[in-house]
Structure formats: structure tokens, C-alpha cells
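[1] Got a sequence here, can you model it:
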Amino acid sequence: MSELTNRDYQRLLDSLEEILQDGRMKAEAVVARLLVDTYWQLGERIAAVRDAALTTPLLGQLAEDLQLNPRTLQRAVLLYRTYAHP
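    You can find the predicted model right below:
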């Protein structure tokens, strides 16, 4: 097998970097979408079992047990209420 010239090596390296960057960007987009879906589902579930204000002891306890910030759960409910399907 012959060695690559510097130019051929650089072309190979550039194409591999492009593939890697494209794959990373696609993966980040998929993960972001899954996180939005996950938080929407959390908000849906919480909203279904409680009609009280967003700052209740229930949210605090859930947040503690889920190892989340209570504000995260408040935002999840807000996300659900903002984008709930009719």
C-alpha cells in the first residue's frame, strides 16, 4: 500500500472531519428533540394530577425525588400547557 501525499492526506482528513461534524450536529439535534419531548411528557403528567399553583410542596417533593430543580418541573408544566394538543 502506498503512502498518501500530504495533499491526499489533507483531503482525507478534511472529509473525515466533515463527516464527524455532521454526525455530531445530527446527534445533538436528536438529543435536543428527545429532551423537549421528555420534558413535555413530564409536564403533561404533572398537569394531569394536579390543578394547584405551580409552586406547591408536591413539585418540591417530586423534584427532590427525581433529582431535579423544582423550577425545571415548573417549566415542564409550562411547556406542556403552552404546547398542549387541543
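[2] Give me the number of neighbouring residues for residue 42.
    20 (other CB atoms under 10 Å). The C-beta positions use only the backbone N, C-alpha and C, and glycine is treated the same way.
[3] Need the residue closest to the centroid of the protein.
    With distances taken as CA atoms, centre = their mean, the residue of the chain nearest its centroid is residue 35 (2.8 Å).
[4] so where's this protein uncertain?
    1-2, 50-55, 86 (pLDDT under 70).
[5] 90 instead, please
    1-3, 47-59, 84-86 (pLDDT under 90).
[6] and the next element down the chain from the lengthiest helix in it?
    Criterion DSSP state H: the longest helix present in the chain is helix 6-49. Per DSSP states H and E, the first helix or strand lying C-terminal to helix 6-49 is helix 57-66.
[7] from the chain's centre, how far out does stretch 44-63 sit?
    21 Å (CA atoms, centre = their mean, to the nearest Å).
[8] export it as PDB, just CAs?
    In PDB, the C-alpha atoms belonging to stretch 44-63 read as follows (Å, rounded to 0.1, in the frame of the first residue of the first chain):
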ATOM      1  CA  GLU A  44     -48.300  16.600  30.800                       C
ATOM      2  CA  ARG A  45     -48.200  14.000  33.600                       C
ATOM      3  CA  ILE A  46     -47.900  16.600  36.400                       C
ATOM      4  CA  ALA A  47     -50.600  18.800  35.000                       C
ATOM      5  CA  ALA A  48     -52.900  15.700  34.800                       C
ATOM      6  CA  VAL A  49     -52.700  15.000  38.500                       C
ATOM      7  CA  ARG A  50     -52.700  18.500  40.000                       C
ATOM      8  CA  ASP A  51     -54.600  21.700  39.300                       C
ATOM      9  CA  ALA A  52     -52.900  23.700  42.100                       C
ATOM     10  CA  ALA A  53     -50.400  26.500  41.500                       C
ATOM     11  CA  LEU A  54     -47.000  25.600  40.100                       C
ATOM     12  CA  THR A  55     -45.300  26.300  43.400                       C
ATOM     13  CA  THR A  56     -46.700  23.500  45.700                       C
ATOM     14  CA  PRO A  57     -45.000  21.100  48.100                       C
ATOM     15  CA  LEU A  58     -45.800  18.400  45.600                       C
ATOM     16  CA  LEU A  59     -43.500  19.900  43.000                       C
ATOM     17  CA  GLY A  60     -40.800  20.300  45.600                       C
ATOM     18  CA  GLN A  61     -41.000  16.600  46.600                       C
ATOM     19  CA  LEU A  62     -41.100  15.400  43.100                       C
ATOM     20  CA  ALA A  63     -38.100  17.500  42.200                       C
END
